[in-house]
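Enquirer: Only the shape, not the letters, is given here:
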């Protein structure tokens, strides 16, 4: 990615240069200044708006991403967002407006995420964050971005703390919802109610556990067994032995694609057969590389359509990203970033059409009017003031023969968990 960044000169405040003035002189000068401001054309006044270059019709947005650190492959999210904006600019932009996307490395360190965000706001003068990367990292910047009322569009994190913020608009749902949707499909479609949970002992797994238990309780049920594992675990044989001994028919596994691969291999070694469910981000071609045919039949409750979908926006993703990032693997991570950039473009287009000043506040107001929109590979996205659960429905995807196929169209999350997440 182009590391050259444009630094924005700090603007002068309306009251600068007034020290030493007498009160009458100051008030007189202020009155003249205000009169001049009122009569100035919008283009001149907009020069001081953060992230807005009215003369060149350019809007600057930014993100932090783990270009280095433990999970550099997560940066494919931001590569795809960057490719979206480049392609958009080449095709004329958003009503003639070009998007400058500034991505800075935080090493997947929450403390660095905060420092990078300060730099993006105070040095680069961004209009919004788009596809800021990571759950813990996005949570870390909440106090600062909230103090600035900075729009944070499609942060790539799945925490209820993010959903609760009035200035943050996540596409990524709380994992409690995905777990509940998976259990609902197991009970109502597969007609199986003996459900086990294998979960990563962190925010991801704990939210899945919360959602599964709450949904099953609403049906008079409980998990047959739930067993956790540490993120660094590479062999899930012990967890699979617990599942096999429990007489479970269905397993929900909430962890990485490497954890899913380990669990599937462990189950195969002891010839345990059952229905499998896993998080949306494991519905990725890279998972097939780890599992081979063992992945066939696994279900994924997903807010994203599959990467091999024939939808126009997803076909565009497959076509455009390799032109700019030929070494990036096409998959769920990239689709996430592509959808995030698409969401920003859709909202900014509405802001331009409104004719209102391009301020943080007006961008947030526009975001709160989005109802049932499609953004990249995400469907039926809705935000309203006080409720930022953007993706309110998920589709069910099944792995078959190296592909990922939709076996159930988008449908609302189970109401009991959806309401609980809102609280």
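Expert: All right, it came through fine. Since the model is a prediction, treat every value here as computed from it, not as a measurement. Numbers count the residues shown, from 1 in each chain.
Enquirer: buried stuff in the helix ranked longest in the chain?
Expert: If you go by DSSP state H, the chain has its longest helix at helix 332-354. Residues of helix 332-354 classed as buried under the neighbour-count rule (16 or more other CB atoms under 10 Å) are 332-348, 350-352. C-beta here means a position set from N, CA and C on the backbone, and glycine is covered the same way.
Enquirer: now do stretch 302-316
Expert: In stretch 302-316, residues buried by neighbour count (16+ other CB under 10 Å) are 302, 303, 304, 305, 306, 307, 309, 313, 314, 316.
Enquirer: Same check on stretch 377-391?
Expert: 377, 378, 379, 380, 381, 382, 383, 388, 389, 390, 391.
Enquirer: Output the residues you listed as CSV; include the columns pLDDT and distance to residue 241.
Expert: Output for those, formatted as CSV (pLDDT from 0 to 100; distance: CB to CB, whole Å):
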residue, pLDDT, distance to residue 241
377, 94, 37
378, 92, 38
379, 86, 39
380, 88, 40
381, 94, 41
382, 95, 43
383, 96, 44
388, 94, 41
389, 90, 37
390, 92, 39
391, 89, 35
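Enquirer: From residue 339, how far out is residue 313?
Expert: As defined by CB to CB, to the nearest Å, residue 313 lies at a distance of 8 Å from residue 339.
Enquirer: Overlap of the contact sets of the two?
Expert: Jointly contacting residue 313 and residue 339 under the rule CB atoms under 8 Å, 6 or more residues apart in numbering are 376, 377.
Enquirer: okay, which residue is most central for this structure?
Expert: When CA atoms, centre = their mean is applied to the chain, the residue found nearest the centroid is residue 156 (3.0 Å).
Enquirer: Not including adjacent chain positions, what is the nearest residue to that residue?
Expert: Nearest residue to residue 156 in three dimensions, chain neighbours excluded: residue 133, at 5.0 Å (CB to CB, 6 or more residues apart in numbering).
Enquirer: The one you found: neighbour count?
Expert: 30 (other CB atoms under 10 Å).
Enquirer: what about stretch 185-204, start to end distance?
Expert: The first and last residues of stretch 185-204 sit 20 Å apart, counting by CA to CA, to the nearest Å.
Enquirer: Can you give me the buried ones in that stretch?
Expert: Buried residues in stretch 185-204, defined by neighbour count with 16+ other CB under 10 Å: 185, 186, 187, 195, 196, 197, 198, 199, 200, 203, 204.
Enquirer: could you pull out the helices for the stretch 51-200 of the chain?
Expert: In order along the chain, the stretch 51-200 of the chain carries the following helices (DSSP state H, counting those that start in this stretch): 76-90, 110-122, 135-140, 142-148, 160-163, 175-188.
Enquirer: For residue 112, give its distance to residue 147.
Expert: Note on residue 112: its distance to residue 147, by CB to CB, is 19 Å.
Enquirer: who's more crowded, these two?
Expert: A count of neighbours by other CB under 10 Å puts residue 112 above the other of residue 112 and residue 147, at 19 against 9.
Enquirer: List the contacts of that one.
Expert: Under the criterion of CB under 8 Å, 6+ apart, the neighbours of residue 112 are 64, 105, 106.
Enquirer: thinking again about what came up before, which of the buried residues of stretch 185-204 sit farthest apart?
Expert: Between all members of these, the longest pairwise span (CB to CB) is found for 187 and 203 and amounts to 25.7 Å.
Enquirer: low-confidence ranges in the stretch 301-423 of the chain?
Expert: Nowhere does the stretch 301-423 of the chain drop to pLDDT under 70.
Enquirer: Three-state assignment for the closest residue to residue 402 other than its chain neighbours, please.
Expert: Nearest residue to residue 402, sequence neighbours excluded (CB to CB, 6+ apart): residue 288, at 5.7 Å. Look at residue 288: counting by DSSP: H, G, I helix; E, B strand; the rest coil, its state is helix.
Enquirer: ok, residue 288 to residue 326 distance?
Expert: When distances are taken as CB to CB, residue 288 and residue 326 turn out to be 21 Å apart.
Enquirer: Checking my notes, residue 404 in a strand, right?
Expert: Yes. Counting by three-state DSSP, residue 404 is part of a strand.
Enquirer: and the buried residues of stretch 377-391 as TSV, adding secondary structure?
Expert: As requested, the buried residues of stretch 377-391 are arranged in TSV below (three-state DSSP):
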residue	secondary structure
377	coil
378	strand
379	strand
380	strand
381	strand
382	coil
383	coil
388	coil
389	coil
390	coil
391	strand
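Enquirer: now, the most widely separated pair of the residues you listed?
Expert: The largest distance within these, taken as CB to CB, falls between 377 and 388 and amounts to 19.4 Å.
Enquirer: Residue 237 against residue 267, yeah?
Expert: No. Contact status for residue 237 versus residue 267: not in contact, 9.3 Å apart, counting by CB atoms under 8 Å.
Enquirer: Between those two, point out the one with more neighbours.
Expert: Neighbour comparison, residue 237 and residue 267: the larger count goes to residue 267, with 22 against 13 (by other CB under 10 Å).
Enquirer: list the contacts for the more buried one?
Expert: Residue 267 is in contact with 240, 243, 244, 273, 274, counting by CB under 8 Å, 6+ apart.
Enquirer: before we move on, back to that, redo the contacts of residue 112 as a markdown table? Include distance to residue 129.
Expert: Compiled in a markdown table, these are given as follows (distance: CB to CB, whole Å):
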| residue | distance to residue 129 |
| --- | --- |
| 64 | 8 |
| 105 | 15 |
| 106 | 12 |
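Enquirer: could the residues you listed go into a markdown table alongside pLDDT?
Expert: Formatted as a markdown table, the contacts of residue 112 follow (pLDDT from 0 to 100):
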| residue | pLDDT |
| --- | --- |
| 64 | 98 |
| 105 | 98 |
| 106 | 97 |
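Enquirer: top of these by neighbour count?
Expert: residue 64 (32 neighbours).
Enquirer: just checking, that one touches residue 140?
Expert: No. At 9.7 Å, residue 64 and residue 140 do not qualify as touching, with contact defined as CB under 8 Å.
Enquirer: angle of the longest helix of the chain against helix 76-90?
Expert: Regarding helix 332-354 and helix 76-90, their directions subtend 40 degrees when assessed with axes from the mean of the first three to the mean of the last three CA atoms, to 10 degrees.
Enquirer: by contact count, what packs against helix 332-354?
Expert: Contacts of helix 332-354 with other secondary structure elements, assessed using 3 or more CB pairs under 8 Å, 6 or more residues apart in numbering; DSSP states H and E, are made with helix 76-90, strand 98-105, strand 128-130, strand 152-153, helix 312-324, helix 360-367, strand 373-375, strand 378-381.
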